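Engineer: This is a predicted model, with the sequence first.
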Amino acid sequence: MTPAAADPPSRLAPRLTLAGVRLARADFTLEVDALSIEPGAVVGVVGGNGSGKTTLVEVLALLRPPDAGVVSIGGAAVSTTGAAALGWRRRMGAAFREPHLLARSVLDNVALPLRLRGTSRPDADRAATAWLERLDAGALARRDPGTLSSGEAQRVSVARALAPDPEVVFLDEAFGALDPADRHPLQDAVVSHARDRGVTLVLVSHDRDTALALTDRVVLLDRGRAVESGPAAELLAAPRSLAGARWAGFSNLIPVDATTTGEGGLASVRLAPGVELASAAPPPDGPTVAAIRPEAITLFAAADGPDGADPPAVGSARNLLSGRVSRVETSGVRSRVRVEIGAGAAVVLDAVVTTASAEAMALAPDAAVRVGIKATAVHLVAAPPAPSGNPGASLPPRPAMS
Amino acid sequence: MGTVRFARHRRRVAAGLALLAGLAATGAAVPGCGPAPGEPEPIVLATTTSTQDSGLLDRLLPAFTARTGIAVRPVAIGSGAAIALCRRGEADVLLAHSPAAEERLVADGIGCDRRPLMFNDFVIVGPPGDPAGIRGERSAAAALAAIVRERDDGEGGAAFVSRGDDSGTHARERSVWDEAVSARALIAEDPSRDGAPANPAYIRAGVGMAKTLLLANERAAYTLTDRGTFLHLRDQLALAVLVEGDPLLRNDYHVTRVNAEVFPHVRLSGAARFVDWVTGAEAREIIADHGLPRFGRPLFTPVTPAAGSTGSGSPRSTGSVEGRPDAPPATGLALVARAFATAATLIATGDADLIEVIGLTLRVSLSAALLAALLGIPAGALLAFGRFPGREALRTLARAGMALPPVVVGLAIGILFWRTGPLGAAGILYTPLAMVLAQVLIALPIVATIADAAASGIDPGLDRQIRALGASDAQRVGLLLRELRGPLIAAVLAGFGRAVSEVGASLMVGGNVLGETRVLTTSIVLEVGRGDFERALALGIVLLSLALVAAGGAALLERGARRRASAPSAGALAPARARP
């Protein structure tokens, strides 16, 4: 008898909404003006370390009261204390990166939330056993949690969150200790359960692939603010924020000096004196950052000296710049090439090319190259308002190539 | 992983232990425990407490050292213990007031050169109302008989408090009872010897003179006391001198040297000079003056040499009485071995007194530990999680409280519950309840501090996870307590250990009354005072065994809880087992 077969028909989970929520933490303040999580949705919460993902989960799961604002469940405002909050918490489940198993057997750990809800011991043990087996952890039932590997403990922790058949489930990097190969089937099992049972699932993950493959939409947090929300595919293709661009893999992020309308209705953005790029993206209002994926940059051998003859017309790329290689790092079939452009290396771009091309072109430090970038690959996002007032200051220093 | 991590707590405990070890090492390294070369060797004076308590030694000894350059180390204990020390050769000179025991010491060849030094007198004191009507009675024996007979008739309700500690005063009281032939049987002074039933009007205190007087004061009872101690305490006592002047009540002090032929390490020349000096004119003057300014009469009357010497005058003419005793007492490892044997015998034979003492020890200290846990664990949780002004101050106070001297706790409770104190009406002093109260105060800071450390070590993530599992507040507390059971059991055990091992407060508020408030530690103090080191050590072994049983029980409790927690219910695994 599998749990799925025993499950009653799917229900409608309650809608979770946040309004005007503020919660100050040590290194950021969670600020969510409006967020709604639809019944039965699978929502990814993404963002860098310290962006507030776990704090958002804690607020949604009624585990931490906000300093200000309203948390509503099923349309009614709820506090984190009292019988109503306890009642809602008993319709939710949560597992975090740290499994926090209690000093009792694995089976008793998984049965515990049911026991806390007053389920009889045999029924609780049956549900616990079923969930352990479903997450490929049935053999662990009699083990002491102290003897488990971190990956095993995470399976147990997730089974414990799901065992009481909650209507809303929060998994905060709950499979973080597992290899992708082990993680994916478990995530798939949880998500398919959520889809079958109409469970609202909030998945916190660093993993772009997970967000893309499993979620209906993602909420992107940056230093406590929910800066983007939408289907993962849209966010990956066209981020609107700097944090979104960073998360989506646009690792070349260059502040824009000035934006003008250039030929063919394309925007022309000046990155540095003498370095301008045509962009097909609509320029945002205010301070702007140009975002370019390193994979979208094409390198050409310089026919002549970098300051010599006119650039040859090669292909359709609107932008063709002269530069000089400063570093080459090879990792398998891909090579990351750093190119300095403009007077005094005013602009630095990373390009990812195949190692075969890098070798064929004899790319090495100090080599002169041409950099080709399609106007459609130059993405424009708004620079976030920086505390210091200087939009450029919010850009992180370019990370060293690893 | 995933369970509560106590690493932080463990580090704290380890740091504490290291600190303690360092302190112990420092103490062990204090120099100055041996005489500098060329200086005369110090002598050890075994003496009764009254000479020190009255302040006499503080005047005599510096004068002697100033005169001779010989330092004197006084060991002021009961006469019984002082004589026992001499029998072991651990002292050089004895200053005591138990003539019969001293004569036996000399007869055994261990004591020699015994000389009368001074005397004072014993008096029988009692409530001024004198329910037994003994005021003015000439015969001490008749007075004692009247006290217990009064009670026997069921008319008064007066009681007599005996020192009950084999001290010189106790010995004197015994000889008075021996004279009171008609009453002798009524009191069952020594139940095991007399075979008579215990008389509730006869209270065996088992403490020093001052505490015995305080106990008699609380109970409005009679007692036999040396006049000096009574004079010292008279302002605090509602007791009056009722009988005095019987020759039987004369209290003679003698000095006796320990025979250097029996114990070659005895410092003969220093001891001889001390005996000569203390019976000489300079010391006589000091003795005759001592107490005069404060009490209007001297506390002791010196004996002039002409008044009669019971020993030989010269330290060198002692050969005839000195000789080897028949059976030297056990020392060193042999003493420890015999103590183990005694402990085994006491337990195996089910010694009635011991069973009673153990029973009371467990009742008092387990109650105290339980109460300390009921108060201390919530207090520790409050210190760990509470957000209130003064929390850090309270935490520091609790930590400092671990160093609270039990005797100070006893004193504080005594002051509160003395009949003249603010809570005197409760009438709980010298009852097990007062001891429980004192031990709770002593154990509470330890339990609270360890509980605080344990609770502070809870990972906030664990608490969050427990709430996320749907635990109500009560369930959450239960789950957290269960996660912390190891350190919490240790906390209660530490509280029990401190309660069961303390002696200062129990003596102070319990009074060491046999059958009422005598516990193992106070028994040990009593036996040491009596000089029965073997039995004292045996009782120590019994106490340690109790602690061992408690620690073992706690370990089983914890392991049992974990095994229960780890064992899945039979129902869940039954199908799996049925089809292997």
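Structural biologist: Cool, got the structure.
Engineer: make it CA atoms for all contacts and neighbour counts henceforth
Structural biologist: Will do.
Engineer: Is the one residue in the stretch 351-500 of chain B that gets nearest to chain A in a helix, a strand, or coil?
Structural biologist: Closest to chain A within the stretch 351-500 of chain B is residue B:470: 4.7 Å, counting by CA to the nearest CA. Here residue B:470 is recorded as coil under DSSP: H, G, I helix; E, B strand; the rest coil.
Engineer: Identify the residues contacting the residue nearest to residue A:262 when sequence neighbours are not counted.
Structural biologist: Excluding its sequence neighbours, the residue lying closest to residue A:262 (CA to CA, 6 or more residues apart in numbering or on different chains) is residue A:268, at 5.2 Å. Counting by CA atoms under 8 Å, 6 or more residues apart in numbering or on different chains, residue A:268 touches A:259-262, A:276-279.
Engineer: could you dump those to JSON lines with neighbour count and secondary structure?
Structural biologist: Output for those, formatted as JSON lines (neighbours: other CA atoms under 10 Å in any protein chain shown; DSSP: H, G, I helix; E, B strand; the rest coil):
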{"residue": "A:259", "neighbour count": "20", "secondary structure": "strand"}
{"residue": "A:260", "neighbour count": "13", "secondary structure": "strand"}
{"residue": "A:261", "neighbour count": "13", "secondary structure": "strand"}
{"residue": "A:262", "neighbour count": "13", "secondary structure": "coil"}
{"residue": "A:276", "neighbour count": "19", "secondary structure": "strand"}
{"residue": "A:277", "neighbour count": "24", "secondary structure": "strand"}
{"residue": "A:278", "neighbour count": "27", "secondary structure": "strand"}
{"residue": "A:279", "neighbour count": "26", "secondary structure": "strand"}
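Engineer: Quick check: which of these has the minimum pLDDT.
Structural biologist: The lowest pLDDT within these belongs to residue A:262, with 71.
Engineer: what's the distance between that one and residue A:240?
Structural biologist: Look at residue A:262 and residue A:240: by CA to CA, to the nearest Å, they are 22 Å apart.
Engineer: Which stretches in the stretch 1-150 of chain A count as strands?
Structural biologist: A:16-24, A:29-37, A:42-47, A:68-73, A:76-77, A:92-96 (DSSP state E, counting those that start in this stretch).
Engineer: Show me what the residue nearest to residue A:262 bridges to in the sheet.
Structural biologist: Beta-bridge partners for residue A:268, by DSSP bridges, are residue A:260, residue A:278.
Engineer: angle of the helix or strand harbouring residue A:202 against strand A:92-96?
Structural biologist: Assessed by DSSP states H and E, residue A:202 sits inside strand A:200-204. For strand A:200-204 against strand A:92-96, the angle by axes from the mean of the first three to the mean of the last three CA atoms, to 10 degrees is 10 degrees.
Engineer: Run through the neighbouring helices and strands of strand A:200-204.
Structural biologist: Applying 3 or more CA pairs under 8 Å, 6 or more residues apart in numbering or on different chains; DSSP states H and E, we find strand A:200-204 packed against strand A:42-47, strand A:168-172, helix A:180-197.
Engineer: If we use 7 Å, what do you get?
Structural biologist: Judged by 3 or more CA pairs under 7 Å, 6 or more residues apart in numbering or on different chains; DSSP states H and E, strand A:200-204 is in contact with strand A:42-47, strand A:168-172.
Engineer: Turn the ones you listed into JSON lines, columns for mean pLDDT, mean neighbour count and distance to chain B.
Structural biologist: Below are the helices and strands packed on strand A:200-204 laid out as JSON lines (pLDDT from 0 to 100; neighbours: other CA atoms under 10 Å in any protein chain shown; distance: least, CA to the nearest CA, whole Å):
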{"stretch": "strand A:42-47", "mean pLDDT": "94", "mean neighbour count": "27", "distance to chain B": "18"}
{"stretch": "strand A:168-172", "mean pLDDT": "96", "mean neighbour count": "26", "distance to chain B": "10"}
